[in-house]
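Asker: Next comes the sequence, and after it the predicted model I'd like to discuss.
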Amino acid sequence: MDAHTLTVTLVVVIIGMALIFDYVNGFHDAANSIATVVATKVLSPGVAVAWAAFFNFIALFVFHTEVADTIRKSINTDLVNEEVRLYVVLSGLIGAIIWNLITWYLGLPTSSSHALLGGLGGAGIAAFGGLGILKAEAWIKTVQFIVLSPLIGMTLGFIMMVSVYWIFHKVSVNKVDKVFRVGQLFSAAAFSLGHGGNDAQKTMGVMMMALVIGFPEFYKGEGGKFAEIPYWVMFTAHLAIGLGTLSGGWRIIKTMGTKIAKLQPVGGFCAETAGALTLFGATFAGIPVSTTHTITGAIVGVGATKRFSAVKWGVAGRIVWAWFLTIPAAAIMAMVSYYIIHGIHDLLTK
């Protein structure tokens, strides 16, 4: 196989793997969008995933591509040999997909975003032989929001829930329940929109990394700046995450919807709205945040307005441990994948 044919093949494989990652991201993170609306029985699971999938997709028409730019600039692939640059991207995707599947099977709501970043970083470190391949700006703001996004979600969830209690304290429980059953349709839609806007862009970023490496004459703009992301890349990324959400992730839905805190429609509305506001802000700022971290923090904030014992802190603690393990675990899996792929490359080219 000549060099050009190999490059084309690898780019096609990476784009395919990126869309698989996007699909896995969708069903892995479906719980983030619909767990509260299912737990409060406002929507049945089937209707809820269809509702979330639709808004995942139409995020295509709402948000710009700042998050995709952050992802594709997270590692400096120019520092490694040209012949292995595409292997780095492919290995990063493999590491992220493996970690996502493991945590989905275990029912742990971890971050697909951080799995992807960890995978790319781990593969890059393996190829370069050090941390110098990581671009500090992208990593610093992403790592900061491992802590900030759940805290912001929790604070907004707490404030919104307290505000609702104060505004509706003279209204009967049944009337409040009816109002927020309708309200939850809009809050779930908003959160799903934020989910699609932030998470689909991560796949777009990886697809562009492969296209820029494989075909720089087409996908690198003037002065080394990245060219505009083609519409077909944006469309397929949003379609894949929507289809993944449509498949559902029932193991994680159970954890998110019932095991952290028991919610009523008013609580579900406040948690989803708080999460949506956090995601909108991060997406417009170009920060690849975890929808999982965000909605978990919001649910904890809402649950804590009743009493701190209403939050099942043991479950929340297990989730937090999984959060911190995600980047190093995905990185290790990506490193192993890179060494295997590079070894096969060496055998075939001898």
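Answerer: The structure has been received and is ready for your questions. Residues are numbered from 1 along each chain as shown.

Asker: Show me the helices in the stretch 101-250 of the chain, by range?
Answerer: Taking DSSP state H, counting those that start in this stretch as the test, the helices found in the stretch 101-250 of the chain are 112-128, 136-167, 173-214, 216-219, 231-247, 250-254.

Asker: Please produce TSV containing those, extended by mean neighbour count.
Answerer: Where C-beta positions appear, they are placed from N, C-alpha and C, glycine not excepted. Converted to TSV, the helices of the stretch 101-250 of the chain look like this (neighbours: other C-beta atoms under 10 Å):
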stretch	mean neighbour count
helix 112-128	29
helix 136-167	18
helix 173-214	23
helix 216-219	11
helix 231-247	21
helix 250-254	19
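
Asker: Compare the ones you listed and say which comes out lowest on pLDDT.
Answerer: Of all the helices of the stretch 101-250 of the chain, the segment with the smallest mean pLDDT is helix 250-254, scoring a mean of 49.

Asker: Can you list the helices and strands that the helix or strand just after it packs against?
Answerer: Using DSSP states H and E, the helix or strand that follows helix 250-254 towards the C-terminus is helix 265-284. Contacts of helix 265-284 with other secondary structure elements, assessed using 3 or more C-beta pairs under 8 Å, 6 or more residues apart in numbering; DSSP states H and E, are made with helix 3-39, helix 66-72, helix 136-167, helix 173-214, helix 291-304.

Asker: try 7 Å
Answerer: Using 3 or more C-beta pairs under 7 Å, 6 or more residues apart in numbering; DSSP states H and E as the contact definition, the elements that helix 265-284 packs against are helix 3-39, helix 136-167, helix 173-214, helix 291-304.

Asker: one step back: looking at the helices of the stretch 101-250 of the chain, which is nearest to residue 267?
Answerer: Taking C-beta to C-beta, helix 136-167 is the member of those nearest to residue 267, at 6.5 Å.

Asker: angle of the closest one against helix 112-128?
Answerer: Helix 136-167 and helix 112-128 meet at an angle of 170 degrees, taking axes from the mean of the first three to the mean of the last three C-alpha atoms, to 10 degrees as the criterion.

Asker: relative to helix 291-304, how tilted is helix 136-167?
Answerer: Angular relation of helix 136-167 and helix 291-304 on a 0 to 180 degree scale: 30 degrees, by the same axes, to 10 degrees.

Asker: report the angle between the axes of helix 136-167 and helix 173-214?
Answerer: Here helix 136-167 runs at 170 degrees with respect to helix 173-214, directions being taken by the same axes, to 10 degrees.

Asker: For helix 136-167, which helices and strands make contact with it?
Answerer: The contact analysis (3+ C-beta pairs under 7 Å, 6+ apart) places helix 136-167 against helix 265-284, helix 291-304.

Asker: Which parts of the longest one count as buried, going by neighbours?
Answerer: So the one you mean is helix 265-284. With burial defined by 16 or more other C-beta atoms under 10 Å, the residues of helix 265-284 counted as buried are 265-280, 282-283.

Asker: what distance separates stretch 195-212 from the centre of its chain?
Answerer: Offset of stretch 195-212 from its chain centre (C-alpha atoms, centre = their mean, to the nearest Å): 11 Å.

Asker: Please name the residues that touch residue 278.
Answerer: 149, 152, 153, 156, 294 (C-beta atoms under 7 Å, 6 or more residues apart in numbering).

Asker: So it versus residue 159, what's the distance?
Answerer: For residue 278, the distance to residue 159 under the criterion C-beta to C-beta, to the nearest Å works out to 12 Å.

Asker: With residue 74 instead?
Answerer: On the measure of C-beta to C-beta, residue 74 and residue 159 end up 32 Å apart.

Asker: related to what we said a few turns ago, which one of the helices and strands packed on helix 265-284 lies closest to residue 341?
Answerer: Evaluated with C-beta to C-beta, the helices and strands packed on helix 265-284 place helix 3-39 nearest to residue 341, the distance being 10.0 Å.

Asker: Would you mind giving the orientation angle of that closest one with respect to helix 291-304?
Answerer: Going by the same axes, to 10 degrees, helix 3-39 makes 10 degrees with helix 291-304.

Asker: which strands and helices sit next to helix 3-39?
Answerer: Using 3+ C-beta pairs under 7 Å, 6+ apart as the contact definition, the elements that helix 3-39 packs against are helix 45-58, helix 85-106, helix 112-128, helix 173-214, helix 231-247, helix 250-254, helix 265-284, helix 291-304.

Asker: Many thanks, I have nothing further to ask.
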